[in-house]
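Novice: Build me a model:
(chains A and B)
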Amino acid sequence: MKNTPKTITMQVTRFRPGEDEAPVVQSYEVPLRKEWAVLDGLNHIKDHLDGTLSYRWSCRMGICGSCGMTVNGKPQLSCATFLTDYAPGPVRVEPLRNFPVIRDLVVDISDFMEKLPKVKPWLIHDGEPPEGEFLQTPREMDEYKKYSMCINCMLCYSACPVYALEPEFLGPAAIALGQRYNLDSRDDGAEDRRDVLASAAGVWACTFVGECSTACPKGVDPAGAIQRYKLTAAVSALKDYLLPRGARR
Amino acid sequence: MSAHQQPVSAFWWLHQWSYLLFVLRELSSVFVAWFVVYLLMLVSAVSAGQGPYEDFLAWSGQGWVLVLNVVALAFVLLHAVTWFALAPRAIVVPRVPPWVVLVAHYLAWAVLSAGVVWVVLR
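Specialist: Numbering: from 1, shown residues only, chains lettered A, B, ... in the order given. Below is the predicted model of the structure:
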């Protein structure tokens, strides 16, 4: 660490509604410490240099999904992105792309919040619930576990050029969460979700850029979930044409 | 209070290698279509007899057609490889590892290609 600089420049995008016509870049010098993430740098700015800087954060451990930002052009969780990886700097911190900016690094994710319930991301069970626990084997859980790791951090939406160009696209996380329940052995709601997931704004809008899976900090692989559902939707549509009603499921 | 709408650059696909690769993959569909047209032209020439077939071969030997077909081949290979890479993520077979699905696709490709070579050269 002998030759490592003691500080690093953080170039932070600021947007103060009513004050700024468009976002502007403001530079801050923050201490460069081995254990400091980008979020620690922002907290240092907020606490010691400029208390007006706005950004979201909560858990500091990659669980809450609040602190997604664009760091040097890539969507990242700022709590899991270390300043030393960008030394000697500067580190460019911008709001997540593809969302309206409310203030500084705070984006408006209302669009996602409106879309998410459309895929009915909850267990839909036909008939009576079982007495006691709803048993499931480890193999049955493995079917959907990967998709259940989503923390709604919006990095996948920020990385997706389809969402940027076609805002009506349901989006990677919402579809992956729909699949999470479709693949759950306790769920009977696949048919209820089909109209939304298999629509033009659903999986068929995805052109498999694959950046959603690259950006995902939890290994959810939304792109895989979408391609997998495309096959499911195509087979279901074929069954609708070829099979009698009783034999379709 | 009004939120700032972030503009999307017309050149967004140049900002990242993965985006450029995606656009090239989408573009590859045009060359796949060209190979279909080229094959139909070949079949048409063959069915028309020796003369039209010789004419077709002479036309195909022109520099620009050769260059077009070499470029088309590169794009069709990109198309095939990227499609095959997608296959294990779309086709999830219980208790079958993803690499088996991938290898099965390449094997099917090799077998079909061998079949075409056999038909052409026998």
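
Novice: can we go C-alpha only for contacts and neighbour counts from here?
Specialist: Will do.

Novice: quick one, helices of chain B?
Specialist: Ranges of helices within chain B are B:17-48, B:50-60, B:63-90, B:98-121, based on DSSP state H.

Novice: Give me the buried positions along the second one.
Specialist: Meaning helix B:50-60. Neighbour counts over helix B:50-60 (16 or more other Cα atoms under 10 Å in any protein chain shown) mark B:Tyr53, B:Phe56, B:Ser60 as buried.

Novice: The first one too?
Specialist: Neighbour-count burial for helix B:17-48, counted by 16+ other Cα under 10 Å, picks out B:19-22, B:25-26, B:28, B:31-32, B:34-35, B:42, B:45.

Novice: one step back: A:Leu243 is nearest to which of the helices of chain B?
Specialist: A:Leu243 lies closest to helix B:63-90 among the helices of chain B, at 23.2 Å (Cα to Cα).

Novice: quick one, the closest one and helix B:17-48 angle?
Specialist: Orientation check (axes from the mean of the first three to the mean of the last three Cα atoms, to 10 degrees): helix B:63-90 against helix B:17-48 gives 120 degrees.

Novice: same for helix B:63-90, what does it pack against?
Specialist: Using 3 or more Cα pairs under 8 Å, 6 or more residues apart in numbering or on different chains; DSSP states H and E, the elements in contact with helix B:63-90 are helix A:222-242, helix B:17-48, helix B:98-121.

Novice: With distance to B:Gln5 and mean pLDDT as extra columns, can I get those in a markdown table?
Specialist: Below are the helices and strands packed on helix B:63-90 laid out as a markdown table (distance: least, Cα to Cα, whole Å; pLDDT from 0 to 100):
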| stretch | distance to B:Gln5 | mean pLDDT |
| --- | --- | --- |
| helix A:222-242 | 25 | 90 |
| helix B:17-48 | 22 | 94 |
| helix B:98-121 | 41 | 93 |
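
Novice: restrict the buried residues of helix B:17-48 to those near chain A?
Specialist: Among the buried residues of helix B:17-48, the ones lying near chain A by Cα under 8 Å from any Cα of the partner chain are B:Tyr19, B:Phe22.

Novice: Using JSON lines, lay out the helices and strands packed on helix B:63-90 together with distance to A:Lys118.
Specialist: As requested, the helices and strands packed on helix B:63-90 are exported to JSON lines (distance: least, Cα to Cα, whole Å):
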{"stretch": "helix A:222-242", "distance to A:Lys118": "16"}
{"stretch": "helix B:17-48", "distance to A:Lys118": "29"}
{"stretch": "helix B:98-121", "distance to A:Lys118": "31"}
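
Novice: and of those, who's closest to B:Ala90?
Specialist: The nearest among the helices and strands packed on helix B:63-90, by Cα to Cα, is helix A:222-242 at 3.9 Å.

Novice: when you scan the closest one, is anything in it near chain B?
Specialist: Yes. Helix A:222-242 lies within reach of chain B by Cα under 8 Å from any Cα, at A:Gly224, A:Ala225, A:Ile226, A:Gln227, A:Arg228, A:Tyr229, A:Lys230, A:Leu231.

Novice: Kindly export that helix (C-alpha atoms) in CSV.
Specialist: What follows is helix A:222-242 as a C-alpha-only set of coordinates in CSV (Å, rounded to 0.1, in the frame of the first residue of the first chain):
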residue,chain,number,x,y,z
PRO,A,222,-33.2,-13.5,-15.1
ALA,A,223,-32.2,-14.0,-18.7
GLY,A,224,-32.2,-17.8,-18.2
ALA,A,225,-35.6,-17.6,-16.5
ILE,A,226,-37.0,-15.6,-19.4
GLN,A,227,-35.6,-18.0,-22.1
ARG,A,228,-36.9,-21.0,-20.1
TYR,A,229,-40.4,-19.5,-19.9
LYS,A,230,-40.3,-18.8,-23.7
LEU,A,231,-40.0,-22.5,-24.2
THR,A,232,-42.8,-23.2,-21.7
ALA,A,233,-45.1,-20.6,-23.3
ALA,A,234,-44.4,-22.0,-26.8
VAL,A,235,-45.1,-25.5,-25.7
SER,A,236,-48.3,-24.4,-23.9
ALA,A,237,-49.5,-22.5,-27.0
LEU,A,238,-48.8,-25.6,-29.1
LYS,A,239,-50.8,-27.8,-26.7
ASP,A,240,-53.7,-25.3,-26.9
TYR,A,241,-53.9,-25.9,-30.7
LEU,A,242,-53.2,-29.6,-30.8
